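Colleague: Whatever this is, show me its structure:
(chains A, B, C and D)
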Protein chains: 4
Amino acid sequence: MSKLHEECGVFGIYSPDGHDVAGACYYALYALQHRGQESCGIVVNHQGLMRSHKDTGLVNDVFTKDVLDSLGYGEIAVGHVRYGTSGINPAQNAQPLTVNHVKGLMALAHNGCLTNAYELREEQELNGSIYHTTSDAEVIAYAIVKERLKTKSIEDAVSNAMDSLKGAYSIVMMSSTKLIGARDPYGFHPLCIGKLNESWVFASETCALDAIGATFVRDVEPGEVVIADKNGLRSNTAHVGEKPRGLCVFEYIYFARPDSVVDGSSVHMARQRAGAFLALDHPVQADVVIGVPDSGIDAAIGYARQSGIPYGIGFIKNKYIGRTFIQPTQSDRENKVRIKLNPVSSVVKGKRVVLVDDSIVRGTTCARIVKLLRDAGATEVHMRSSAPPFLYPCYFGTDIDKRENLIAYNHTIEEIREIIGVDSLGYLRPENAERLCDNTACGFCTGCFTGEYPCDPPATTVKSKFERSIMEGGNK
Amino acid sequence: MSKLHEECGVFGIYSPDGHDVAGACYYALYALQHRGQESCGIVVNHQGLMRSHKDTGLVNDVFTKDVLDSLGYGEIAVGHVRYGTSGINPAQNAQPLTVNHVKGLMALAHNGCLTNAYELREEQELNGSIYHTTSDAEVIAYAIVKERLKTKSIEDAVSNAMDSLKGAYSIVMMSSTKLIGARDPYGFHPLCIGKLNESWVFASETCALDAIGATFVRDVEPGEVVIADKNGLRSNTAHVGEKPRGLCVFEYIYFARPDSVVDGSSVHMARQRAGAFLALDHPVQADVVIGVPDSGIDAAIGYARQSGIPYGIGFIKNKYIGRTFIQPTQSDRENKVRIKLNPVSSVVKGKRVVLVDDSIVRGTTCARIVKLLRDAGATEVHMRSSAPPFLYPCYFGTDIDKRENLIAYNHTIEEIREIIGVDSLGYLRPENAERLCDNTACGFCTGCFTGEYPCDPPATTVKSKFERSIMEGGNK
Amino acid sequence: MSKLHEECGVFGIYSPDGHDVAGACYYALYALQHRGQESCGIVVNHQGLMRSHKDTGLVNDVFTKDVLDSLGYGEIAVGHVRYGTSGINPAQNAQPLTVNHVKGLMALAHNGCLTNAYELREEQELNGSIYHTTSDAEVIAYAIVKERLKTKSIEDAVSNAMDSLKGAYSIVMMSSTKLIGARDPYGFHPLCIGKLNESWVFASETCALDAIGATFVRDVEPGEVVIADKNGLRSNTAHVGEKPRGLCVFEYIYFARPDSVVDGSSVHMARQRAGAFLALDHPVQADVVIGVPDSGIDAAIGYARQSGIPYGIGFIKNKYIGRTFIQPTQSDRENKVRIKLNPVSSVVKGKRVVLVDDSIVRGTTCARIVKLLRDAGATEVHMRSSAPPFLYPCYFGTDIDKRENLIAYNHTIEEIREIIGVDSLGYLRPENAERLCDNTACGFCTGCFTGEYPCDPPATTVKSKFERSIMEGGNK
Amino acid sequence: MSKLHEECGVFGIYSPDGHDVAGACYYALYALQHRGQESCGIVVNHQGLMRSHKDTGLVNDVFTKDVLDSLGYGEIAVGHVRYGTSGINPAQNAQPLTVNHVKGLMALAHNGCLTNAYELREEQELNGSIYHTTSDAEVIAYAIVKERLKTKSIEDAVSNAMDSLKGAYSIVMMSSTKLIGARDPYGFHPLCIGKLNESWVFASETCALDAIGATFVRDVEPGEVVIADKNGLRSNTAHVGEKPRGLCVFEYIYFARPDSVVDGSSVHMARQRAGAFLALDHPVQADVVIGVPDSGIDAAIGYARQSGIPYGIGFIKNKYIGRTFIQPTQSDRENKVRIKLNPVSSVVKGKRVVLVDDSIVRGTTCARIVKLLRDAGATEVHMRSSAPPFLYPCYFGTDIDKRENLIAYNHTIEEIREIIGVDSLGYLRPENAERLCDNTACGFCTGCFTGEYPCDPPATTVKSKFERSIMEGGNK
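Modeller: Modelled structure (predicted):
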């Protein structure tokens, strides 16, 4: 684990006259693939009949032409890409989740993490409910179905269910006739609205809108429920404004695609700005600024522009390494990091190098990369991290490592500098993390480096109890 | 559809000291493969942790060495092979079904068909339940979980749930610590108990016991719940004897493997006896008796022995034709039945042939086979069916065709004789169907040819309503 | 290795007006699959352009609809199924072999074994030739191409090449415009001619003609070269009659399909006759005669009819066990033979059983089967083998085991009886092997049990030298 | 076809004490994957026994752990990645080619294109040779084998064969005991020597040395034959210096990986220098310089540095799009180029953009990319191509399109500017193409834009004749 992982990307489309909604999902999920590479799925709704396909693997592997054809045409579709935190049972937890309930069918795709999943689950189980998965999506589905028995519409059920759901969730779901999007009142994770001819589209990021040629309309507000159906787009704002904004700052620093615009700010620009802050706070005399591909490139350009030190291409990344790549054995692993990442000697040889990356998690990969540069002839290496040091766990949908594994939790900055073997080391200052956006109205969750969260984290003991009862295996 | 289809085979093993229970399931499911070729699954329970693998395909395709290894060792395992009646959503309905409920985990494999599935499902949904599958197994799971909230043990929950479950079910299931088998009070489908060293085994047929070297102990009684756990084997007999016996007579005539012994009678012998009855009731002057492979062979030998006409090998069946065999186009289909089944000219040329098969469903395949014989030089063909004519639907787990497609529902025997092009035609007389077994204590369900069922069939309108709301697609 | 293996099946079709020749090959290869399960291939010739597909695996696996479609329509096609003796390099040696030579393209499929392959190969290599495969087919191709440089037609080249080729070969090949079949002057392996509308067909066995609805015309004569082209069928008989007939007697006893007619005699009848000879030569008092499926069934019926002892079904063979079946570990292997083959207790319990099989190679499998019968309650087991004892190697295309592994080479019949654990043991007498056919004009190769071969075997030292230089690996 | 394609990458290793030579090949071929994505293969030589595996697909797909394990350990290995120009018969033409000849086994991997392949082939066929493939590798193999009959060593055979071979070839091959590398006397394509502990390594590019941790020793000289065996490394220089140097200039501009060093010059630096020449020759007032990923990035940095205009990230390339990506239908293709390549609006909106790419072949893709930029708000787009205009065919191993399809052959630069829709257009001047390297001793082949080739191209008529007789299909 040398990088953080996002857990999900969600997408939905409502096409009043029917449309190749499966195809739109397919291209959109390609654009959202960076948000989850473990499993993916699409459910297509044609006049109330829902056809579903989901499996472990990349969009490219799971959705062949035959599979897409078998999903057929429809009026509504929901799609999902997933990165699982648990590492177990990936196929069973693949989404969208399709369920039958008393008033019909429902398909749901979820990005985020509930903080009261265990309590809700236990409550529902005491009422005789059974669970097929270990995902929060099933807990959310139950919460909605419970309200659906008491309300006259699915959107009211969703809004009412939000009273009981705590934590982070960006949901795209559909009933027989409606496409619904919902974002938790803090707005932990992004969700936006687009339009493609007469169709309405909800997506985790704007890059998915671009991929299908849709026009960006606006972001879903924190706490908002948006509904697209034959009457067009409308909104339930019962929960809007009830909580302070808490967008995950890592969406800008690492998760979102640089070409996306999240809550009004360009992700690429936020990263370039991070590089500029680094140059201001941690200046150094050097000959070239390079970024670790792909995640450190944007900030490296920002550092170079601010500092006036030329930007260069320090590494070539092998783009052909796939999932079945056979890892070199431990004995010669260090030697072979360069299969994935090879330094360009002519750029770094005899040079003082500023090396920019987006984060330092355990430090192991970092140390190997630094060694590659020195072997290639760099005379000095100055490391700059466009994220502040990770010190605290994340409870809202990000797969941050255990505290014991976080190098910044165990060591001072000087110690880290020595461990990764650089001449100087500078992190983004936490107060600057909140200044990366153009949109100053934004509030952020910066819990992972400050320990202050917008809402209460779950009780530790409860979380571990839940993990004990978890069910392994897979339904391939 | 030229043949009837069974819907399922179930298997379970409890091994007190731990054991390769996945391996035992694997070999047992191979032996039960004839009961279902659409999907299969195994769940292994190791100290309460359940690992599962299920998928569409034959045991041979779904369980590779890697998959079996990933299931690991355990103390209990449950396995299932399935033939789906609906043809839709095969992967999502694959069993065993693994569910989380308030008191833990449960894995369940089911063979049969409930007659009140729709009512139970609606009742549970009105309570807020959500369904992931369209299978009766999930309805049964809910019924058990509902009782589990009120009882102190899983076996009592199963016994209590049987009050509400109507229709046919042979279940093998496990909790964290127990393996449980249950058979409906009519005993529609078989379920037997075996012993392998210290392990207890429950299986649909004795051929599964043979496959793993287990010894046959006894059949599960209709209405009985048997429990294997660390205290050994015990039984809950609350429902035993409350209903008349109603074993599906087709288990003997067609479904079960000839080397199995069902409720005390050899399947092969029952078929041979059917052939003898045919020879007594429909004698004919002929030169050779042949059976349609594989299902008509046993009865052909019975006919030959009773009549004194020599038994011969009339057809060679191509054993290499697999699932991906490309069907010849319609235009030359008749010509090419012989890719699968080729007559042995030297056996039938110039001969008067008695042709025995186990059933005549639509009559189409039958007519093609008869034509093959005539083309190969047979001078007369006398057809004998070891099943009586199909006239009524089955509601208890057999995939009998729609009445409109049943040749015997639409035509007199003389008309059928003409349609399939034979010189004479004789069916097993329905009263003899009940005399195929050694075990005269047995009562049978012969509803498919008499229209008299041991228990009430479901209301037609309800059944079709249920079908309308069904969810298609697949989680591959 | 408990059975002998044939090495190949060949097929070709010439269709003057163009036709789905790939489809015809496909169905024909299905019918010939028993002659080789290691690899298969089809080459389609459309106006001189040859499209080819071949791979390891069964016809069913190698030829999907997409693959067949990609081969397209054509006027000529050649197909092959192969069992490799070496076990190495199966994909590289897959046939038909397609080669470019100075006068065009050629595709060739071969069944048999040359006795002077090494000498021919060495001679051609000394002339600078390079070899891609280790198969005789490439040696034959070179021999033909060498003659082609000197002759005016491909058929003359084939006929001239036959002067240098020694041993067993049944060849089906095509040039741009002609389909050619050739059989060695001894006629070791079968080759027949059929007609399907205007198309000419050459095949290893008549069951392939039946599979595509073609009519049997005649067998290719030993030494004959037959040519089908736009002028119809014609024949080069330069080598006909130059050698005594030497058809492999094992084609009747084991290799060919029972529904085939080889050189004028029904294979099924030859086997039934073998059973009758066994009953005459090795009579015994018993209650039932059973055959080991599938290969012992025909002879068992012959034994039963001759002896008057009833024929019964002693075993059920599991028809779902495929290539990826996971073998039970050695420790419990004996116990688990019955996964593949389970005795029908009701047939053998308390009975004196005559057990008929087609051959006894090592004796190991035989002993396990006998044990199954005794465990199922048979009181006596009398083994009858429809082949005489194997005592000598085969050099003509049959994969007979090393002498050291042949139980009959190492032991007396009384010793074998004891090893396999039967009450009596009887083999077909070698002199009766030559009396299995109707066609008394036939001469046979019975070298494997007499040591007398129709033509000289290759020098042992040469053969082993060739094996040393062999190339392993695979081009999947 | 919007890009040029290289045809091959070659690699070989000689390890005196035995080694995981298959593993070394595997990692090296990963690094060379950009030189060919159609098929790949590895042959391992263990004490003269050669195990081979090759197939269509990427290294990642073809070589699983099981396959690598099956190749085993050895002393020598040869590997190959291939892009086929013909598009037909990819599996059959996969390399390395393994052949048997009179003095043993040989495996050969080839990068390049012979200009007298047809003549050599015809000459050899007239001698009775047969060909299995349509690749030049087989022609080369024959040429070597022919000489091998007359010489005492394989290396002398290679050197002598070079008298007859015309055109471009970089070969890595092995006999039972030797690894041999050879480069044509013009040195059209690169080949270098590395050392890894006691092992000798030959590779197309230095990035393959880096990938396995080997040290660069030197380039193979044009015309040189290098031999690694138990006596170490030695060289046959009979053909060195006999021709002027003619390294393909496109190795620098496009084919080679930027981190490689070819014939003494860094590829990345050559590209950056191309960008600088463009800035000098085609200056423009602009706000940002962007490159088309990945191939235009290096030159864009060169342009930015020389011009002083800031370098920016103009596009995000979707890195998850694999081989099975389903192309959008023609109707909405333009709209969906952005699935692969999405502009970063915040970088280009309202800006005058310099867009650098490595070449303009047909112009179609270029026009779409320009349109994306304009849609994203770029006010001006100035295109710069780091290659001169393509005007002539390549006969030496590069898959350049037909002249009729080359936009520069059909149009003036002003017309092209209008077609692709840019405000200004500038190409690298041909005379600067030869000034991209540090190593001024280098001579180049610049035939594709000058029409002047270092050696005679093949006769056109001969080439087309050869194409007519080509054999399609595949041995999967």
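Colleague: Please count neighbours and contacts with C-alpha atoms only from this point.
Modeller: OK.
Colleague: Could you verify that residue A:383 is part of a helix?
Modeller: No. Under DSSP: H, G, I helix; E, B strand; the rest coil, residue A:383 sits outside any helix and is assigned strand.
Colleague: From start to finish, how long is stretch A:202-218 in a straight line?
Modeller: Length of stretch A:202-218, first residue to last, C-alpha to C-alpha, to the nearest Å: 10 Å.
Colleague: tell me the domain boundaries of chain A?
Modeller: For chain A, automatic domain parsing gives the domain ranges A:8-243, A:267-317+A:335-438.
Colleague: I'd like those written out as a markdown table, with mean pLDDT and distance to residue B:256 added.
Modeller: Putting these into a markdown table (pLDDT from 0 to 100; distance: least, C-alpha to C-alpha, whole Å) gives the following:
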| stretch | mean pLDDT | distance to residue B:256 |
| --- | --- | --- |
| domain A:8-243 | 92 | 32 |
| domain A:267-317+A:335-438 | 93 | 51 |
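Colleague: which one is the residue of the stretch 101-250 of chain A found nearest chain D nearest to, not counting chain neighbours?
Modeller: Residue of the stretch 101-250 of chain A nearest chain D, by C-alpha to the nearest C-alpha: residue A:211 (4.7 Å). In space, and not counting its chain neighbours, residue A:211 is closest to residue D:339: 4.7 Å by C-alpha to C-alpha, 6 or more residues apart in numbering or on different chains.
Colleague: Near chain B, which residues of the stretch 101-250 of chain A are found?
Modeller: A:101-102, A:104-105, A:122, A:125-126, A:128-133, A:142, A:145-146, A:149 (C-alpha under 8 Å from any C-alpha of the partner chain).
Colleague: what pLDDT does the closest residue to chain C within the stretch 201-350 of chain A get?
Modeller: Nearest residue of the stretch 201-350 of chain A to chain C, counting by C-alpha to the nearest C-alpha: residue A:324, 18.2 Å away. Note on residue A:324: pLDDT of 70.
Colleague: show me the residues around the closest residue to it other than its chain neighbours that make contact.
Modeller: Spatial nearest neighbour of residue A:324, chain neighbours left out: residue D:60 (6.2 Å); criterion: C-alpha to C-alpha, 6+ apart. Listed by C-alpha atoms under 8 Å, 6 or more residues apart in numbering or on different chains, the contact partners of residue D:60 are A:320, A:321, A:322, A:324, A:325, D:30.
Colleague: Now with 7 Å, please.
Modeller: Going by C-alpha atoms under 7 Å, 6 or more residues apart in numbering or on different chains, residue D:60 touches A:321, A:322, A:324, A:325.
Colleague: Mark which of these are part of helices, please.
Modeller: Within those, no residue falls in helices by DSSP state H.
Colleague: In ChimeraX, select just the buried ones from these.
Modeller: The ChimeraX command for the buried members of the contacts of residue D:60 (criterion: 16 or more other C-alpha atoms under 10 Å in any protein chain shown) is given here:
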select /A:321,325
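Colleague: tell me, how many neighbours does residue A:294 end up with?
Modeller: 12 (other C-alpha atoms under 10 Å in any protein chain shown).
Colleague: Could you do residue A:237 as well?
Modeller: Using other C-alpha under 10 Å: residue A:237 sits among 15 other residues.
Colleague: Ok, residue A:377 next?
Modeller: Neighbours around residue A:377, by other C-alpha under 10 Å: 18.
Colleague: And for residue A:152?
Modeller: For residue A:152, the tally of surrounding residues (other C-alpha under 10 Å) stands at 10.
Colleague: just checking, it is part of a strand?
Modeller: No. According to three-state DSSP, residue A:152 belongs to no strand; its state is coil.
Colleague: Kindly provide the distance from residue A:277 to residue A:386.
Modeller: 9 Å.
Colleague: which of these two has more neighbours?
Modeller: residue A:386 (32 against 24).
Colleague: Check the secondary structure at the residue at the greatest distance from the centre of chain A for me.
Modeller: In chain A, the residue that sits farthest from the middle, by C-alpha atoms, centre = their mean, is residue A:350; the gap is 38.6 Å. The three-state label given to residue A:350 by three-state DSSP is coil.
Colleague: can you pull the contacts of it?
Modeller: So residue A:350 contacts A:377, A:378, A:379 (C-alpha under 7 Å, 6+ apart).
Colleague: from what I can see the second one touches residue A:352, true?
Modeller: Yes. Contact criterion C-alpha atoms under 7 Å: residue A:378 and residue A:352 qualify, at 6.2 Å.
Colleague: and the residue of the stretch 51-200 of chain A nearest chain C?
Modeller: Using C-alpha to the nearest C-alpha, the closest approach of the stretch 51-200 of chain A to chain C is made by residue A:66 at 12.4 Å.
Colleague: what about that residue, distance to residue A:97?
Modeller: Distance from residue A:66 to residue A:97, counting by C-alpha to C-alpha: 22 Å.
Colleague: which one of the two has more residues nearby?
Modeller: Shown here are residue A:66 and residue A:97; by other C-alpha under 10 Å, residue A:97 has more neighbours (27 against 8).
Colleague: how distant is the biggest helix by length in chain A from the center of its chain?
Modeller: Longest among the helix segments of chain A by residue count, using DSSP H, is helix A:267-281. Computed by C-alpha atoms, centre = their mean, to the nearest Å, the chain-centroid distance of helix A:267-281 equals 21 Å.
Colleague: which secondary structure elements does that helix contact?
Modeller: helix A:297-307 (3 or more C-alpha pairs under 7 Å, 6 or more residues apart in numbering or on different chains; DSSP states H and E).
Colleague: Show me what the helix it packs on is packed against.
Modeller: Counting by 3+ C-alpha pairs under 7 Å, 6+ apart, helix A:297-307 packs on helix A:267-281, strand A:288-291.
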